[in-house]
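> using only what follows, build the 3D model:
(one chain, ligands or ions: 1)
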Amino acid sequence: MSSPAAPEVQMRPVEMHIYRPTDPAWATVVKSELCTGKKAAGICRHIELDVSGTNLAGRCFPGQSIGVLPDGVDGTGRPHKLRLYSLASPSRGEDGKGNVISTTVKRMIDEHWETHRLFLGVASNWLCDLQVGDRIRVSGPNGKKFVLPVNTNAHDYVFFATGTGIAPYRGMIIDLLEANCSSQIALIMGSPYQTDLLYHDFFLRMAQQYPNFHYLTAISRERNGEFDRLYVQDRLRVDADRLLPILTGGRALVYICGLAGMELGIFQELALMLNGSTLEQFLKVDPEAMRDVRRWNRSMIHKQVRPTPRVFMEVYA
Ligand code: A2P
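Below is the predicted model:
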């Protein structure tokens, strides 16, 4: 299937490193609330930080991250290292004035593989333990590539998220919908269980309110209504009637945020469902690789399988 020529994508210009980790700003926790269901297997919190009076106010945008410096020292007595957390807030901030930014934090709780002793992620648990009124050191913002385009109305959007990879889309989707953007916007959110979906009620409400916003979930360890277990990329197949028109319209941008590895499955599915110039809007694939898409592996990405400037990726291990 071929589609009209894709317009050039010009990304929103954003500032970076207003505060360096060596000279951070102080922010105050103004809210910390669960953003998963009460019975969720994992614990995620939506944490809001007041940055008023600092140079971060009004200068942090969805798709960027902030650096957080946890209090205390590590096992060797050195101060804890900086950790990056994606912003979940829209451009206007949580308060409408750019003074309150937010992030989405999952408590890291695991076992040491060797000793099988409890292992708690330092920064995530420190952040989730913070109380309203606590003050923390932040740097940034960081990142300029995973942002919205300048001309938001010139594009449609397919946002893929797993887990806390949802954070930037919360801000982006608020930005788009509050500006009455009439583009088609699809959010495909993956989590192990229904109870682990983040900001689920919020996205359901937005989908009800805005007919151009489509919210699709992919639950990997439970049934999904008429479908068995799904990964985000499976939605491309089972919801092709909704997603194919967006992807073949010649205006779509694809954003991928979350678990490293998810991009491979998404690229394979795109290669199976699109062809010719439509696929080339998103992926340049060597003819040899095109012969057996199901056998692709991650080492082929950026080599035999190259995402175009219309695909944005922010994936982490
Ligand atoms: P599963 O762990 O059942 O294999 P969280 O960050 O909350 O754990 O959620 C991550 C989600 O992404 C889970 O549903 C997980 O499924 C799913 N997932 C794991 N690997 C991939 C992959 N390669 N492609 C897409 N989704 C994946």
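> for the ligand, what's its nearest residue on the stretch 51-200 of the chain.
Relative to the ligand, the nearest point of the stretch 51-200 of the chain is residue 163 (2.3 Å; CB to the nearest ligand atom). Yep, even glycine has a C-beta here, placed from its N, CA and C like the rest.
> which residues of the protein lie near the ligand?
Within the chain, the positions adjacent to the ligand are 42, 162-163, 190-192, 196, 220-221, 231-232, 259, 261-262, 265 by CB under 6 Å from any ligand atom.
> narrow these to those in strands?
Under the assignment DSSP state E, these contribute 162, 190-191, 259 to strands.
> picking up where we left off before, residues in contact with the nearest residue to the residue of the stretch 51-200 of the chain closest to the ligand once chain neighbours are set aside?
Nearest in space to residue 163, with sequence neighbours left out and distances taken as CB to CB, 6 or more residues apart in numbering, is residue 258 at 5.5 Å. Residues near residue 258 by CB atoms under 8 Å, 6 or more residues apart in numbering: 160-166, 190, 315-316.
> can you say which of those are buried?
Taking 16 or more other CB atoms under 10 Å as the criterion, what is buried in these is 160-166, 190, 315.
> show me the strands in the stretch 101-250 of the chain, by range?
109-111, 118-120, 135-142, 156-162, 185-191, 213-219 (DSSP state E, counting those that start in this stretch).
> give me the mean pLDDT for the longest one.
When you say that, I think you mean strand 135-142. Strand 135-142 shows an average pLDDT of 98 in the prediction.
> same question, the last one
Summarised as a single mean, pLDDT over strand 213-219 is 98.
> quick one: contacts of it?
For strand 213-219, the surrounding residues in contact (CB under 8 Å, 6+ apart) are 173, 177, 184-194, 197, 200, 203-204, 206-207, 224, 229-232, 234-235, 239, 242.
> one more: the fifth one?
Outside strand 185-191, the residues that touch it by CB under 8 Å, 6+ apart are 156-163, 166, 169, 173, 176-177, 197-198, 203, 210, 212-220, 230-232, 235, 242-243, 246, 258, 262.
> next, the angle strand 213-219 makes with that strand.
20 degrees (axes from the mean of the first three to the mean of the last three CA atoms, to 10 degrees).
> low-confidence stretches in this protein?
1-7 (pLDDT under 70).
> hmm, try it at 90
1-8, 36-41, 75, 113, 317 (pLDDT under 90).
> where is the longest strand in it?
Using DSSP E to define each element, the chain has its longest strand at strand 25-34.
> which strands or helices does that one pack on?
strand 44-50, strand 100-106, strand 135-142 (3 or more CB pairs under 8 Å, 6 or more residues apart in numbering; DSSP states H and E).
> redo that, cut-off 10 Å
Here strand 25-34 touches strand 44-50, strand 65-69, strand 100-106, helix 122-129, strand 135-142, going by 3 or more CB pairs under 10 Å, 6 or more residues apart in numbering; DSSP states H and E.
> out of those, which gets nearest to residue 148?
Nearest to residue 148, of all these, is strand 135-142, at 14.4 Å by CB to CB.
> for the closest one, buried residues please.
136-142.
> stretch 272-284 now?
Residues 273-274, 278-283 are the ones in stretch 272-284 that count as buried (16+ other CB under 10 Å).
> let's see which of these end up in strands.
Per DSSP E, strands hold the following members of the buried residues of stretch 272-284: residue 283.
> burial check on the residue nearest to residue 74 when sequence neighbours are not counted, number of neighbours?
Nearest non-adjacent residue to residue 74, counting by CB to CB, 6+ apart: residue 80, 5.6 Å away. Residue 80 has 15 neighbouring residues, counting by other CB atoms under 10 Å.
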